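[1] What follows is a predicted structure for the sequence shown.
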Amino acid sequence: MNTTATAPVTTTAETGFARPNYLNAAYGVRSWLLTRDHKRIAILYLISVTAFFALGSLFALLIRLELLTPEGDLFQPDTYNRLFTMHGVVMVFFFLIPSIPAVLGNFLVPLMIGAKDLAFPKLNLASWYVYNLGGIFTLWAIVHGGVDTGWTFYTPLSTHYSNTYVISTALGIFITGFSSIFTGLNFIVTVHRMRAPGLTWFRLPLFIWSTYATSLIIVLGTPVIAITLLLVAAERVLHLGLFDPALGGDPVLFQHLFWFYSHPAVYIMILPAMGVVSELVAAFARKKIFGYRFVAFASIAIAVLGFLVWGHHMFVAGESIYAATIFSVLSMLVAIPSAVKVFNWTATLYQGSISYQTPMLYALGFIGLFTLGGLTGVMVATLGIDVHVHDTYFIVAHFHYIMVGGAIMGYLGGLHYWWPKISGKLYPAALSKLSALLVFVGFNLTFFPQFILGYLGMPRRYWSYPPEFQVLNVLSTAGASILGVGYLLPLCYFIWSMRYGKDSGDNPWGAVGLEWDTTSPPPTENFYTTPVVTHGPYEYNREEVHNRMSQEATLG
Amino acid sequence: MSSPFPLFPDSASSLSGDVDLLFIVWSVISIFFTALIAGLILYFMVRYRRRHPEEVGAEEKAALWLEVGWSVIPLVIALAMFVWGTRVFFNIYRPPADAVEYTAIGRQWMWKVQHPEGQREINTLHMPVGQSVVMKMTSEDVIHSFYIPAFRVKQDVIPGRYTSLWFHATKPGVYHLFCAEYCGGEHSKMIGSVIVMEPRDYESWLAGGAAGKSMVATGGDLFQSLACVTCHRAGASGRLARGPALEGVYGNQVKLADGRTVIADDNYVRESILNPTAKLVAGWDPVMPTFQGQVTEEQLSQLIAYVRSLGPVGSAPAGGTGGPNAGPTDTAGGRTDSNQPQTAGPGTPH
Amino acid sequence: MASEPLMEPHGHAAHHRDLAHQFDSLDQQKESSTLGTWLFLVTEIMFFGGLFTAYVIYRRLYPQAFALASHTLNVPMGAINTAILIGSSLTMVLAIWAAQVSWRKGIVLFLGLTILLGSAFLGIKSVEYREKFETHHVPGPTFHFVPESEHVKVTDPQLERHASIFFSLYFIMTGLHALHMIIGIGILVVLAVLSWKGKYGPEYHNPLEMTGLYWHFVDIVWIFLFPLLYLLGAHAR
């Protein structure tokens, strides 16, 4: 910002990579597996979550193939049940929850606040190992035949009736929970204690605010799912009776404990994506985010209110109608900060200087899809509607609009935006725009028909279905194949760009922000001199910014 | 079901119109806001596109009235819809007084339905049009969910307690019955049909079905054969009685040994059969043995139907052994508003 | 909402052998590890919080069975253990004090005492556990529960089931607490060795303080467990 990093003069023009950066600081597998550099750990996480995303997508593809026909022609019902369970487990716990925080958050939090690293680098590395250990437990369960309880593990089905690998899957999620906690704890301490001189709370980028709010949820919520799954495992092994009505236990208690974490977990997925979108909208409209403080506080409000609405998953589960009423009104309230964000992003575009680079396409796609996902969320929070659509494809469509249309769009947008920062390379612009388009079209074709299916009454987790639902299911499967191609393209051209991509320069977008003040890719300790911050995060109307833009070639 | 490619579900109950109206209004609001946002974005994208690479956006003009406006307007809309939605919801869960009670028991992977007249069906539910029906439900194993899309009603069916829902069919026809809560292997085969008939057709269907005793009559038989009657004897007093007489108990307040009072509803009677000492009636010794494992879920429902049919002390049971089959009105007569489905607090079986 | 600079420019602070590379000063490092430890304790509170919630709900559902089952626990042993744990918190604080006054042998002495008291707690706990095995109060196929109350005369299978839930929660809660004690003792042993080598003094004894926070937390969990499991409902006698 104020102090532009003064990089050592490039020594040899022909090598091009002579400038020291975190990628060429050391070589060899050991230097990666034992690294404590937050940027390298982010890369390690990127590889891991991409692998799990591929696995989860494969399950999704098989689910959609099965649903092409009304009668279960492709798989046995038991196989199908395992497929959707593993799809949910892998996507939620091993992709969506770690994706933005552990990849982009790890990479960017120290850069954005002008720190040399996170507060606890060893803990950060440990978190990656713990994540993979949990992943191994879950993969072990998958390889041995999977688990068929649904990712929600409802009792007494999961504790007394299922004869699949519930325990190792639950332990895998339990262990992976610690990696989330390590990451969240690290971020909170880092944001509190490691900010650069002059970087006050209201000069923090909005990505930091949303990551901070996410970390609060992680720290408060994850232990509850840990103890809940531990109880499920104990119940399964020892038949304690805690969730077994025949022994005096209460099966619905499990749902309360489960959703106490798993509803806030939705905000663990969407809040970081909102942070990414705030950065992208500011950078590609070259304008300060409208209502910065409102957007920042909205993140905190979502995190707090998010803990008070878990009961809206149980409106028809035997909850008292009065409890249902309270959870319904609280769920209405949590929609307001989300609406505030959407309106502020839109208002930011007004009188901006809008560029249609790939990341911006993802960001704008996010706003549209999130708006629809959020509004349908308020619809299902309305008691009279939820009774009909609960546990139908309407719910499936709604949460995929939030998790896929929201969280994954945000994640991909962020990857495209910071890829030059991460790798120092450019990816092919036209191809990446095509992929953004395919993702948007494929997504809507996949999930919009599911809203209609849901209101028609098709229950979720059905291996076969009445024939009149077929047309919409075929549309959905067709959309999924387009979506699949849209997801494959970035994988290909990101890998391609690492070797063949053009050098990006330090700041290809002409963006402001501490992370763009250092070189791309950044050196091991991020900054050559500690930055001193004198103004807010998105100040484009400054002479300095103007001068820099006229000197550097940007992709604007 | 008439159309091979429907886009909107059949509407066949007294509640479905209310739910549909709520849904349509919400959809219009959602489409309006989504179109507003999308339209603004598209307009700004064109109007304020970057014209040269060094161009930056204008200074922000903060506007508090905008922030307040777009916080308050959605809030007002959401709260209004909340009030409306909650009214619809309360209607869905508050059965009218004249509703007839049917029993449904879920198990992996079938629905067992019993009519008040005693007829049993599996995975089908015959019912007359124009008659309010309460489904009293429980599960023998895992959690299921009783769902009739054409009626817009759904209720989870939970082992170890009763839940219920009601509906009033307005259009004869055949409708889907689904299990909506994932319940293991053949979840998607736990489906059936709701067959709504004209009352005359329903009567002839009832007559043509296998003759069985009514719920109340079967319950009365069980009351004898399980020897409940030896302790819970109507009119017995003093040393003869080892347990309270059950006449007029159902639906009323019961004083417990520990000083609390409870309402004797389905869940209470059920618990008292399975776990007699849990909520002991004041003035009686805990001598009753448990019947856990000795009665099936169906028999429990029949016993409860019988207990409910017992009028106040002195009057004859409405449908005891050998008595006339209790008609729908007999069962309904015993219902009070304590019979609301949702007497249990969150996660607390009685 | 601190607005003052939180981080001195690079190179300002003299490099200290205990200062990690990402920090600029020992103060910053200490503040960070303190905040981190407190956050960790928050996760622990939420973790035990889930169990306490389950306990409260089942206690409300089955007050009688819970009171009768609670009645069979060994209150004197629980009370002695409470005293032992409070004592161990004192010795833990004394170990930190010894570091502050540069008394190397004192650190080792007080850490040793803390380890000793922690082990005594676990010893008494294991005696209690053995008692439960002998009286068949361990949930499972051999579980058997006959209440000692005049109120209930017959062996009631339903009451037995609910008592089993009490003992399940008893074993899970005290078991997880004991696991935390064992982990704590393990850390204390490492710290004692490092202290002997003179690693900690008035300037730098972060690990001692952080372990102290953890140890006090484990202590406090017990302060809640003891009345909830052992004392509440004793009036049912």
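    Perfect, thanks for sending it.
[2] only C-alpha atoms for contact and neighbour calcs from this point on.
    Fine.
[3] so where is the chain shaky, pLDDT-wise?
    No chain was given, so I picked chain A. Counting by pLDDT under 70, chain A contains low-confidence ranges at A:1-18, A:552-556.
[4] Wait, chain C was what I had in mind.
    Ranges of chain C meeting pLDDT under 70: C:1-15, C:148-156, C:233-237.
[5] Likewise for the stretch 101-250 of chain B?
    B:209-212, B:234-241.
[6] If we use 50, what do you get?
    Counting by pLDDT under 50, the stretch 101-250 of chain B contains no low-confidence range.
[7] Just give the nearest non-adjacent residue to the residue in it positioned nearest to chain C, would you?
    Using C-alpha to the nearest C-alpha, the single residue of the stretch 101-250 of chain B nearest to chain C is residue B:160, 13.3 Å away. Excluding the flanking residues, the one nearest residue B:160 by C-alpha to C-alpha, 6 or more residues apart in numbering or on different chains is residue A:245, at 5.3 Å.
[8] all helices for chain C, in order.
    All helices of chain C, identified by DSSP state H, fall at C:26-61, C:63-71, C:75-100, C:104-134, C:157-196, C:206-225.
[9] Residue C:213: how many residues sit nearby?
    19 (other C-alpha atoms under 10 Å in any protein chain shown).
[10] can you pull the contacts of it?
    C:37, C:38 (C-alpha atoms under 8 Å, 6 or more residues apart in numbering or on different chains).
[11] coming back round to it: ranking the helices of chain C by burial, who's on top?
    When you average the neighbours per residue for each of the helices of chain C (mean count of other C-alpha atoms under 10 Å in any protein chain shown), helix C:63-71 leads with a mean of 23.
[12] Could you report the separation of residue B:207 from residue B:117?
    Separation of residue B:207 from residue B:117 (C-alpha to C-alpha, to the nearest Å): 10 Å.
[13] Those two: which is more packed in?
    Taking neighbours as other C-alpha under 10 Å, residue B:207 and residue B:117 compare with residue B:117 leading, 19 against 11.
[14] count of residues packed around the closest residue to the more buried one other than its chain neighbours?
    Take residue B:117 and drop its neighbours on the chain: the residue closest to it by C-alpha to C-alpha, 6+ apart is residue B:214, 4.1 Å away. When counting by other C-alpha under 10 Å, one arrives at 25 neighbours for residue B:214.
[15] How about residue A:378?
    26.
[16] State the phi and psi torsions of residue A:425.
    phi -120, psi 160 (degrees, to the nearest 10).
[17] Report the contact partners of it.
    A:419, A:497, A:498, A:501, A:502, A:503, A:504, A:505.
[18] how far away is the first one from chain C?
    So that's residue A:419. Shown here: residue A:419 relative to chain C, a distance of 24 Å by C-alpha to the nearest C-alpha, to the nearest Å.
[19] what do you get for the last one?
    Here the distance between residue A:505 and chain C works out to 26 Å (C-alpha to the nearest C-alpha).
[20] do whatever helix or strand residue A:323 lives in and chain C meet?
    Residue A:323 belongs to helix A:321-349 when elements are defined using DSSP states H and E. No. Helix A:321-349 stays clear of chain C (C-alpha under 8 Å from any C-alpha of the partner chain), getting no nearer than 16.0 Å.
[21] these two touch, right, the residue of the stretch 101-250 of chain B closest to chain C and residue B:139?
    Yes. If you go by C-alpha atoms under 8 Å, residue B:160 and residue B:139 touch, sitting 7.2 Å apart.
[22] Looking at the two, which has the bigger crowd around it?
    Between residue B:160 and residue B:139, counting by other C-alpha under 10 Å, residue B:160 is the more crowded of the two (27 against 24).
[23] mind listing the helices in the stretch 51-200 of chain B by residue range?
    B:64-93, B:199-208 (DSSP state H, counting those that start in this stretch).
[24] List the buried residues in the first one.
    Within helix B:64-93, the residues that qualify as buried are B:67, B:70-71, B:74-75, B:78-79, B:81-86, B:88-89, B:91-93, counting by 16 or more other C-alpha atoms under 10 Å in any protein chain shown.
[25] Checking my notes, residue A:24 in a helix, right?
    No. Counting by DSSP: H, G, I helix; E, B strand; the rest coil, one finds residue A:24 to be coil, located in no helix.
[26] Quick check: phi and psi at it.
    The phi/psi pair for residue A:24 (degrees, to the nearest 10) is phi -100, psi 10.
[27] burial count for it?
    As a burial measure, residue A:24 scores 13 neighbours (other C-alpha under 10 Å).
[28] just the one 4 residues further on next, same as before
    A total of 7 residues lie near residue A:28 under the criterion other C-alpha under 10 Å.
[29] Next: the one 3 residues further on.
    By the measure other C-alpha under 10 Å, the count of residues near residue A:31 is 12.
[30] so it is in which element?
    In the assignment (DSSP H and E), residue A:31 maps to helix A:29-33.
[31] How far does that helix sit from its chain's centre?
    26 Å (C-alpha atoms, centre = their mean, to the nearest Å).
[32] immediately after it, which helix or strand?
    Next helix or strand after helix A:29-33 toward the C-terminus (DSSP H and E): helix A:38-66.
[33] Quick one: residues contacting the residue of chain C found nearest chain B.
    At 6.1 Å from chain B, residue C:158 is the closest residue in chain C, using C-alpha to the nearest C-alpha. Shown in contact with residue C:158 (C-alpha under 8 Å, 6+ apart): A:247, A:248, B:275, B:290.
[34] what's the closest non-adjacent residue to residue C:135?
    Per C-alpha to C-alpha, 6+ apart, closest to residue C:135 is residue C:144, 7.7 Å.
[35] relative orientation of the helix holding residue A:323 and helix B:64-93 in degrees?
    150 degrees (axes from the mean of the first three to the mean of the last three C-alpha atoms, to 10 degrees).
[36] List the buried residues in helix A:321-349.
    Quick answer for helix A:321-349 (16+ other C-alpha under 10 Å): A:321, A:324-325, A:327-349.
[37] Go back to those residues and keep what's next to chain B.
    Among the buried residues of helix A:321-349, proximity to chain B is found for A:321, A:325, A:328-329, A:332-333, A:336-337, A:339-340, A:343, A:346, A:348-349 (C-alpha under 8 Å from any C-alpha).
[38] Now render those as a markdown table, adding distance to residue A:27.
    Output for those, formatted as a markdown table (distance: C-alpha to C-alpha, whole Å):
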| residue | distance to residue A:27 |
| --- | --- |
| A:321 | 62 |
| A:325 | 59 |
| A:328 | 55 |
| A:329 | 56 |
| A:332 | 52 |
| A:333 | 51 |
| A:336 | 49 |
| A:337 | 46 |
| A:339 | 47 |
| A:340 | 47 |
| A:343 | 47 |
| A:346 | 45 |
| A:348 | 43 |
| A:349 | 44 |
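[39] Between the residues you listed, which sits nearest chain C?
    Taking those together and measuring to chain C by C-alpha to the nearest C-alpha, the closest member is residue A:321, at 19.1 Å.
[40] rewinding a little: which helices and strands does the helix holding residue A:323 pack with?
    Packing contacts for helix A:321-349, counted by 3 or more C-alpha pairs under 8 Å, 6 or more residues apart in numbering or on different chains; DSSP states H and E, involve helix A:251-285, helix A:292-305, helix A:358-381, helix A:383-389, helix B:16-47, helix B:64-93.
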